[in-house]
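[1] only geometry, no sequence info:
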Ligand code: F6P
């Protein structure tokens with residue numbers, strides 16, 4: 001690992017600050033396009049099936065050179081290579097970071113501690129494929145001999161968001177005769193609603209937990225087991241209705257799931273980077289092993305691009321640097337991701353964990369508090385719905401909110417007739433929004449429409465609101481893999497520049513410990529030593545409010 005001086009003390013940082021002060025907010029996007037008619041073609045990077053247009057950003061060629069200079073100085077590519085080689089770049093947990101090995105080809109060699117991990121990856125993928133086919137074909141039956149019709153994934157965080165998002169994204173590729181549900185919340189309502197119309201004899205539970213100690217998942221899994229056994233009345237039923245996805249065989253066995261029904265992964269796969277591991281089993285049952293492998297191929301296309309493309313044509317690097325530009329030099333607090341595909345309705349929620357759990361850190365890799373901004377707030381929902389809710393603030397609010405627009409030239413193949421025709425209207429909105437955000441509407445243009453003078457300021461759009469447009473032909477399994485890998489590596493780039501460990505998540509631990517401590521106060525009225533007065537009063541009120 002490079003001995004990194006603080007990024008803000010580097011001359012490259014100062015150069016960007018000076019550049020920001022000297023050149024911006026002028027020239028604006030209208031001027032930039034007027035000055036360079038080729039900008040719309042030049043500021044495009046292609047990776048796999050993705051065409052990524054970053055022409056509507058507040059950057060010039062010089063900005064891009066300076067940003068790449070910062071990436072070079074902070075040795076982003078050096079850290080990238082260390083990650084791909086299996087070095088222990090997750091220093092606070094002393095672990096390798098090798099989600100990229102999950103999509104490596106069979107003949108690749110990637111070593112961790114002298115052992116090639118690739119054969120193990122493919123052995124698990126093969127076992128998953130065999131199991132998925134047996135469920136899909138009806139060969140795997142429940143305890144009473146009935147075929148499995150329902151698959152319920154029980155997990156939280158990375159053990160939920162990835163498979164739930166990808167299932168939604170690839171719904172058009174799923175076996176529609178099977179029902180899939182994803183239960184994560186420890187609020188009993190989640191499991192209740194997921195199970196209330198299901199036949200236990202036809203239901204398979206997939207208990208997904210890297211550690212198999214996560215209280216929400218173990219609590220829901222225990223309740224799911226009771227639900228099953230109440231109906232089927234035989235402990236042996238667990239073996240046909242429960243499988244586990246985990247790195248922790250001991251805990252899986254302790255829970256009562258036969259480790260023969262466990263699909264493993266490894267400590268070098270972070271939870272939020274895990275849905276292309278065994279954690280994707282529910283997805284594989286839904287779309288089938290071949291489609292799942294197509295998705296892995298998509299991930300690999302972007303992995304290879306990230307490793308091989310030069311800096312000036314490297315999509316994750318460019319997207320990461322653009323984020324740094326706004327985050328650190330424009331004080332942008334957030335970043336919107338706005339898919340124009342209903343199937344990507346959970347994509348931004350998935351990215352929230354990927355990005356915010358990775359880069360939401362105020363301590364650097366050297367153990368010192370950072371003096372610069374790190375990860376942004378990531379937010380967004382499918383675009384057209386957002387247009388009628390929060391886009392007002394993106395267009396005319398006082399905050400700068402860089403946004404990614406993701407859209408497809410084709411609707412999914414299942415749509416036909418009028419529903420298929422609606423796609424052009426959807427995409428007309430997609431293009432119109434980035435146009436409006438970039439170029440706005442001047443007061444002169446508003447006046448020319450005959451708008452009364454007192455209304456002119458309200459109807460004027462300043463523009464200069466930066467967006468990236470990611471366009472692909474259609475949302476296939478491969479394209480989904482490409483999109484996810486693109487964001488994984490973008491987050492990596494930013495963490496490298498901010499000099500933080502993007503692969504730990506110590507910040508979530510304190511709340512977990514305190515919840516365990518407070519629980520007896522709620523259930524038994526126990527006195528919890530050291531409870532602060534505010535929380536103690538709230539707990540007392542809670543107990544009074546109970547019926
Ligand atoms: O508490 C955060 C976290 O550890 C996430 O990083 C992880 O994805 C989630 O909990 C679930 O963890 P597990 O898969 O071990 O149940």
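    Yes, it's here. Bear in mind that the values here come from a model prediction, so they are computed numbers and not experimental data.

[2] Can you report how many residues lie near the residue in the stretch 1-150 of the chain positioned nearest to the ligand?
    At 11.2 Å from the ligand, residue 93 is the closest residue in the stretch 1-150 of the chain, using Cβ to the nearest ligand atom. All C-beta spots, glycine's among them, are computed from the backbone N, C-alpha and C. If you count neighbours by other Cβ atoms under 10 Å, residue 93 ends up with 16.

[3] next one: residue 108
    For residue 108, the neighbour count with other Cβ under 10 Å is 16.

[4] how much space between the residue nearest to it when sequence neighbours are not counted and residue 444?
    Counting by Cβ to Cβ, 6 or more residues apart in numbering, residue 108 lies nearest to residue 118, which is 4.9 Å off, once chain neighbours are set aside. Taking Cβ to Cβ, to the nearest Å as the measure, residue 118 and residue 444 are separated by 62 Å.

[5] So for those two, which residue has more residues nearby?
    For residue 118 versus residue 444, neighbours defined as other Cβ under 10 Å are more numerous around residue 118 (18 against 9).

[6] Now do the buried residues in the helix or strand hosting residue 223.
    In the assignment (DSSP states H and E), residue 223 maps to helix 215-232. Residues 216-218, 220-221, 223-225, 227-229, 232 are the ones in helix 215-232 that count as buried (16 or more other Cβ atoms under 10 Å).

[7] Just name the shakiest helix or strand of this structure by mean pLDDT.
    helix 509-523 (a mean of 90; mean pLDDT, DSSP states H and E).

[8] Tell me which residue is most central in the chain.
    residue 351 (2.5 Å; Cα atoms, centre = their mean).

[9] Which residue ranges of this protein form strands?
    Along the chain, counting by DSSP state E, strands occupy 44-47, 50-53, 111-112, 115-116, 150-154, 179-183, 203-208, 242-246, 262-264, 334-339, 377-379, 403-408, 467-472.

[10] doesn't residue 504 make contact with the residue of the stretch 1-150 of the chain closest to the ligand?
    Yes: here residue 93 reaches residue 504: they are 5.3 Å apart, a contact under Cβ atoms under 8 Å.

[11] Get me the contact residues on the stretch 401-547 of the chain for the ligand.
    505, 508 (Cβ under 6 Å from any ligand atom).

[12] Minimum distance to the ligand, which residue of the stretch 401-547 of the chain gives it?
    Here the stretch 401-547 of the chain gets closest to the ligand at one residue, residue 508, 4.0 Å apart by Cβ to the nearest ligand atom.

[13] For that residue, give me the pLDDT.
    pLDDT for residue 508: 94.

[14] which ones are touching it?
    By Cβ atoms under 8 Å, 6 or more residues apart in numbering, the residues touching residue 508 are residue 357.

[15] measure it to residue 138 for me?
    40 Å.

[16] Then residue 330?
    56 Å.

[17] Throw the strands of the chain into a markdown table and include distance to residue 456 and mean pLDDT, thanks.
    As requested, these are exported to a markdown table (distance: least, Cβ to Cβ, whole Å; pLDDT from 0 to 100):
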| stretch | distance to residue 456 | mean pLDDT |
| --- | --- | --- |
| strand 44-47 | 35 | 98 |
| strand 50-53 | 31 | 98 |
| strand 111-112 | 63 | 94 |
| strand 115-116 | 68 | 96 |
| strand 150-154 | 54 | 98 |
| strand 179-183 | 49 | 98 |
| strand 203-208 | 56 | 98 |
| strand 242-246 | 59 | 98 |
| strand 262-264 | 62 | 98 |
| strand 334-339 | 28 | 98 |
| strand 377-379 | 31 | 98 |
| strand 403-408 | 26 | 98 |
| strand 467-472 | 25 | 98 |
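
[18] related to what we said a few turns ago, just send the buried residues of helix 215-232 back as JSON lines, with distance to the ligand too.
    Putting the buried residues of helix 215-232 into JSON lines (distance: Cβ to the nearest ligand atom, whole Å) gives the following:
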{"residue": "216", "distance to the ligand": "8"}
{"residue": "217", "distance to the ligand": "5"}
{"residue": "218", "distance to the ligand": "8"}
{"residue": "220", "distance to the ligand": "11"}
{"residue": "221", "distance to the ligand": "10"}
{"residue": "223", "distance to the ligand": "16"}
{"residue": "224", "distance to the ligand": "15"}
{"residue": "225", "distance to the ligand": "17"}
{"residue": "227", "distance to the ligand": "20"}
{"residue": "228", "distance to the ligand": "20"}
{"residue": "229", "distance to the ligand": "23"}
{"residue": "232", "distance to the ligand": "26"}
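
[19] Export the residues you listed to TSV and append columns for pLDDT and distance to residue 429.
    Formatted as TSV, those follow (pLDDT from 0 to 100; distance: Cβ to Cβ, whole Å):
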residue	pLDDT	distance to residue 429
216	96	37
217	97	39
218	97	44
220	98	38
221	98	42
223	98	43
224	98	41
225	98	46
227	98	43
228	98	45
229	97	50
232	97	50
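
[20] Could you export the residues you listed as CSV, including distance to residue 144?
    Putting the buried residues of helix 215-232 into CSV (distance: Cβ to Cβ, whole Å) gives the following:
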residue, distance to residue 144
216, 29
217, 26
218, 26
220, 23
221, 21
223, 21
224, 17
225, 16
227, 15
228, 11
229, 13
232, 7
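
[21] count of neighbours near the spatially closest residue to residue 149 that is not a sequence neighbour?
    Distances taken as Cβ to Cβ, 6+ apart place residue 202 nearest to residue 149, at 4.1 Å, with adjacent residues excluded. Using other Cβ under 10 Å as the criterion, residue 202 is surrounded by 18 other residues.

[22] can you check the one 3 residues further on too?
    The burial metric for residue 205, expressed as a neighbour count using other Cβ under 10 Å, is 26.

[23] Hmm, it is touching residue 154, no?
    Yes: with contact defined as Cβ under 8 Å, residue 205 reaches residue 154; the gap is 6.0 Å.

[24] What separation is there between residue 213 and the ligand?
    7 Å (Cβ to the nearest ligand atom, to the nearest Å).

[25] residues contacting that residue?
    Residue 213 makes contact with 248, 251 under the criterion Cβ under 8 Å, 6+ apart.

[26] Over to residue 228?
    Each residue near residue 228 by Cβ under 8 Å, 6+ apart is listed here: 200, 203, 205, 237-238, 241-242.

[27] Repeat the analysis, applying 7 Å as the threshold.
    With contact set as Cβ atoms under 7 Å, 6 or more residues apart in numbering, residue 228 has these partners: 200, 237, 241.

[28] so what's it closest to, chain neighbours aside?
    Counting by Cβ to Cβ, 6+ apart, residue 200 is the residue found nearest to residue 228 once chain neighbours are left out, at 5.0 Å.
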